[in-house]
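Asks: Take this sequence and fold it.
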Amino acid sequence: MKTLIEIINIILSLLKPKREKVLQSSNEAKPVEPAPEPVVKPTPPKKKIVCNDVDVEIGWDKVTLWTEPGALMCKASQYKTIKGDRKQNIDKIVVHWDGCLSSEQCAKVLGQRGLSAHFCINNDGTIHQLMDTNHVGWHARGVNSKSIGIEISNAVYMKYAKKYNPRRPVVPQMKLHGKTFPKHLGFYDVQVEALKQLIKSLTKFYNVPLEFPNADGELIKGVIKASSFKGVICHYHVTENKTDPACLDLAKVIEEIKDEQE
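Replies: Model prediction:
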């Protein structure tokens, strides 16, 4: 008859393989889980402007088109509709200030006066396209048929300074048309940056030279033969009756665009 100790040893010998198997199983390497699929963020659609019903890319993220619900626009009665392609006729871009507190106000004033511009640049840098650039806007008498018009929001006069938050930069008095033009409100930096991107896209599409009216490299602050000039001009280059946009350093704008494209 087996002793109690022998019986215990027999039981332990029977249990040992199972225990070793359990230990061996627990020490085996766990299968490697597959790495999660990388999250691919969709590329945001590039912004565009419209030239003769053609989408033209622009390097600016704040753009609205007249075709969008509630967008700023010019009615057909405010411009000359062109059914053909006037791409070959356009050789200049005319920059204005709108004399208004916002582009919304500008669009309203244009409608009341039966005038038009292709683009407005608002205080926050939003570019509003009000009509297809193929149509002739009424913004600069004498060069409308050959140009694209851009209105940059700015109420100009110092009495409106407190209307803005943040405050606009102030431009000291200067010579314009051979006369002293008083101290006035300037453009926000973001408006000038938006203008640069808009000029880039328009000059590329229409093959307009990146040139500004100058004498030995200095911006001309007066009237030129605007009808024959090819490039980017201010409204005051067209007529002595206009002073806009006196605050814009057009020479710097054009040179910076050229530098960025090199």
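
Asks: show me the residues around H184 that make contact.
Replies: Contacts here follow C-beta atoms under 8 Å, 6 or more residues apart in numbering; on that basis H184 touches V156, Y157, M158, V170, V171, A246, C247. (Each C-beta comes from the backbone N, C-alpha and C, glycine too.)

Asks: How about the contacts made by the closest residue in space to D91 that isn't next to it in sequence?
Replies: In space, D91 comes closest to K230 once its chain neighbours are excluded; the distance is 4.3 Å by C-beta to C-beta, 6 or more residues apart in numbering. Listed by C-beta under 8 Å, 6+ apart, the contact partners of K230 are D91, K92, V208, P209, E211.

Asks: For these, could you give me a markdown table that also reports distance to G125, neighbour count and pLDDT?
Replies: Formatted as a markdown table, the contacts of K230 follow (distance: C-beta to C-beta, whole Å; neighbours: other C-beta atoms under 10 Å; pLDDT from 0 to 100):
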| residue | distance to G125 | neighbour count | pLDDT |
| --- | --- | --- | --- |
| D91 | 27 | 17 | 98 |
| K92 | 23 | 24 | 99 |
| V208 | 22 | 20 | 99 |
| P209 | 25 | 13 | 98 |
| E211 | 25 | 15 | 98 |
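
Asks: Whichever of the contacts of H184 end up buried, select them in PyMOL.
Replies: Here is the PyMOL command that picks out the buried ones among the contacts of H184, judged by 16 or more other C-beta atoms under 10 Å:
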select buried, resi 156+171+246+247
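
Asks: Looking at the contacts of H184, which are in strands?
Replies: Residues of the contacts of H184 located in strands (DSSP state E): V170, V171.

Asks: before we move on, back to that, and the gap between the residue nearest to D91 and S147?
Replies: Distance of K230 to S147, computed by C-beta to C-beta, to the nearest Å: 10 Å.

Asks: shared neighbours of the two, anything?
Replies: Contacts common to K230 and S147, judged by C-beta under 8 Å, 6+ apart, are D91, K92.

Asks: tell me the phi and psi of K92?
Replies: With angles defined as degrees, to the nearest 10, K92 sits at phi -150, psi 160.

Asks: And it, how far from N134?
Replies: Distance from K92 to N134, counting by C-beta to C-beta: 15 Å.

Asks: Bridged to F119, which residues?
Replies: When bridges are called by DSSP bridges, F119 pairs up with Q129, I150.
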